[in-house]
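[1] Make a model of this:
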Amino acid sequence: MSWTDERVETLKKMWGEGQSASQIAKELGGVTRNAVIGKVHRLGLSNRTGGATSAKPAPKGNSASKAAPAKARSKAPAAVPEVPPKPVHIRRQIIPAGQPLPPQPSANEISPEALASVREVEKKAKKIGLMQLTERTCKWPIGDPATDEFWFCGLSVKAGKPYCEAHVSVAFQPMSSRRDRRR
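    I've put the predicted structure just below:
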């Protein structure tokens, strides 16, 4: 498939009308949604963040109604075109690197005893970098990877696991204990 002038004009027209990339790809045929998005990007078209909808604009009327005499038009009741409601776009907040993440639901599942144990172990941790990790060192990440305060635990691992005993108790919980806490 090549982008002919005609196909590019169709893309620009449909994009300007607020059609989605999937709808445009379907209309053009032989092209994927991602190819449409790539072409829109290369053409530098608007990203339509202003809340554009995929609804087509109402037709401007046919030529027969324009040619009808004024008397005939005034007798007919004015038809009000039905406008579909605009779709609601829910956008998730993007958190930039270096910013704290919001509380995660899984954090509420960890028992207070396990958390206390982990805090104590992290005080004794070797605080190693990525290049110092081996098969015998705990690979539990601590801190924000976007900062210099990021490190790995580095203590001796529990047999057959990638983490030390304290971090294994947090990462690998028995199914029954998780089920009991949800109740």
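[2] Please enumerate the helices of this protein.
    5-17, 21-28, 33-43, 63-67, 70-75, 112-124, 165-171, 175-182 (DSSP state H).
[3] These: which one's closest to T134?
    helix 165-171 (15.8 Å; CB to CB). For glycine as for every other residue, the C-beta is placed from the backbone atoms N, C-alpha and C.
[4] avg pLDDT for that closest one?
    Across helix 165-171, the average pLDDT comes to 84.
[5] what does that helix contact?
    Residues outside helix 165-171 that contact it (CB atoms under 8 Å, 6 or more residues apart in numbering): 110, 114-115, 117-118, 120-121, 138, 140, 153, 158, 161, 163.
[6] ok, so of those residues, who is nearest R33?
    W140 (39.1 Å).
[7] Tell me if I'm right that that closest one and V157 touch.
    No. Between W140 and V157 there is no contact under CB atoms under 8 Å: 9.7 Å.
[8] anything in contact with each of these two?
    Common neighbours of W140 and V157 are listed as Y163, C164 (criterion: CB under 8 Å, 6+ apart).
[9] where does this structure dip in pLDDT?
    Across the chain, residues meeting the criterion (pLDDT under 70) sit at 1, 47-81, 86-111, 173-183.
[10] E6: which of the contacts of helix 165-171 is nearest?
    W140 (57.2 Å).
[11] how much space is there between that closest one and E120?
    Distance, W140 to E120, using CB to CB, to the nearest Å: 14 Å.
[12] Give me the more crowded residue out of the two.
    In this view W140 and E120 are compared by other CB atoms under 10 Å, and W140 has more residues nearby, 23 against 10.
[13] Could you measure from the more buried one over to T32?
    40 Å.
[14] Over to S46?
    21 Å.
[15] So those two - more neighbours on which side?
    The neighbour count for S46 versus T32, taken as other CB under 10 Å, is higher for T32 (13 against 10).
[16] check contacts around that one.
    A25.
[17] Mark out where each domain of the chain begins and ends.
    According to automatic domain parsing, the chain comprises the domains 5-43, 110-182.
[18] Any idea which of those domains gets closest to P84?
    domain 5-43 (12.3 Å).
[19] Buried residues in the closest one, which are they?
    7, 11, 14-15, 18-21, 23-25, 28, 31, 35-36, 39-40 (16 or more other CB atoms under 10 Å).
[20] can you check stretch 138-148 too?
    C138, K139, W140, I142.
[21] same deal with stretch 160-175?
    In stretch 160-175, counting by 16+ other CB under 10 Å, buried: P162, Y163, C164, A166, H167, V168, S169, V170.
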